[in-house]
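Asker: Generate coordinates for the sequence data below:
(chains A and B)
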Amino acid sequence: DAMVIQNPRYQVTQFGKPVTLSCSQTLNHNVMYWYQQKSSQAPKLLFHYYDKDFNNEADTPDNFQSRRPNTSFCFLDIRSPGLGDAAMYLCATSSARDSRPHWTQYFGPGTRLTVL
Amino acid sequence: GEDVEQSLFLSVREGDSSVINCTYTDSSSTYLYWYKQEPGAGLQLLTYIFSNMDMKQDQRLTVLLNKKDKHLSLRIADTQTGDSAIYFCAESLYSSASKIIFGSGTRLSIRP
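Answerer: The predicted structure follows:
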């Protein structure tokens, strides 16, 4: 089945130690998103790639970076994680060619990040 | 501005119908979505409705859209324990089709 995969599902890192979360998709969607979700809150969009074009949200801290080496993969890099960065990180994809409404977002299972 | 609002909690008895409500402010919505999130999991797309429709039914789910009042609801018939989750309403905008605006989510709990 076509899907959005996130690895690892759980990640523990130390305060200030760089960490990378990964997302891959078999949907061949041209847009990939990274969201941060804290407990009992709505997902907050950090940035998204429209093909190779990177689109950062205005309030996303510089500590968060992203890479998209090809259509299928996208990475979230947290350069110096703080305690406030502990959260669920969700990857999503969408496409204007989707047979459902265009731009419908499909989510991965998330990576729960713990910062010690 | 863009804003989507939901009540935070809903408790229903097993077997009853659940109705989760959502209001939005931007009249340029193209599609409105309902996502379900179970504990520790990602968001699962439940259903969606195009902004020029007023109702959509999909098995136990009924979506009602009142464009005049900018009000969206999700009705779950015969609510089961497996329906316990957080339900997010979301809208996509004509002006920014590749982004969606989420509501704060409604936590649905089921009483035996």
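Asker: need the contact list for residue 57.
Answerer: Went with chain A since none was named. A:45-47 (C-beta atoms under 8 Å, 6 or more residues apart in numbering or on different chains). The way it works is simple: take the backbone N, C-alpha and C, and place the C-beta from them, glycine included.
Asker: meant chain B actually
Answerer: residue B:63.
Asker: host element of it?
Answerer: strand B:55-58 (DSSP states H and E).
Asker: Direction included, what does that strand pair against?
Answerer: strand B:61-66 (antiparallel) (DSSP bridges).
Asker: List the buried residues for the partner strand?
Answerer: Using 16 or more other C-beta atoms under 10 Å in any protein chain shown as the test for burial, strand B:61-66 gives B:62-65.
Asker: Check stretch B:71-80 too.
Answerer: Neighbour count says stretch B:71-80 has B:72-76, B:79 buried, by 16+ other C-beta under 10 Å.
Asker: Which pair of these spans the longest distance?
Answerer: B:72 and B:79 (18.6 Å; C-beta to C-beta).
Asker: Would you state the strands of chain A in chain order?
Answerer: A:4-7, A:10-13, A:19-25, A:31-37, A:44-50, A:53-56, A:64-67, A:73-78, A:87-94, A:106-107, A:111-115 (DSSP state E).
Asker: cool, chain B as well?
Answerer: Counting by DSSP E, the strands of chain B are B:4-6, B:9-13, B:18-24, B:29-37, B:43-50, B:55-58, B:61-66, B:71-76, B:85-93, B:96-102, B:106-111.
Asker: Please tell me how far the spatially closest residue to residue B:60 that is not a sequence neighbour sits from chain A.
Answerer: For residue B:60, ignoring the flanking residues on the chain, the nearest one in space by C-beta to C-beta, 6 or more residues apart in numbering or on different chains is residue B:77 at 4.6 Å. When C-beta to the nearest C-beta, to the nearest Å is the yardstick, residue B:77 and chain A sit 23 Å from each other.
Asker: Phi first, then psi, for residue B:77.
Answerer: phi -80, psi 150 (degrees, to the nearest 10).
Asker: Give me the nearest residue to residue B:14, chain neighbours excluded.
Answerer: residue B:110 (5.3 Å).
Asker: and the residue most central in space within chain A, what are its bridge partners?
Answerer: In chain A, the residue lying closest to the centroid (C-alpha atoms, centre = their mean) is residue A:34, at 2.7 Å. Under DSSP bridges, the beta-bridge partners of residue A:34 are residue A:47, residue A:91.
Asker: OK, contacts around residue A:11?
Answerer: A:19, A:21, A:111-114.
Asker: Swap in 7 Å and give it another go.
Answerer: Residue A:11 makes contacts with A:19, A:21, A:111, A:113, as judged by C-beta atoms under 7 Å, 6 or more residues apart in numbering or on different chains.
Asker: Point to the helix or strand of chain B where mean pLDDT is at its lowest.
Answerer: Least confident helix or strand of chain B, by mean pLDDT, DSSP states H and E, is strand B:96-102 with a mean of 79.
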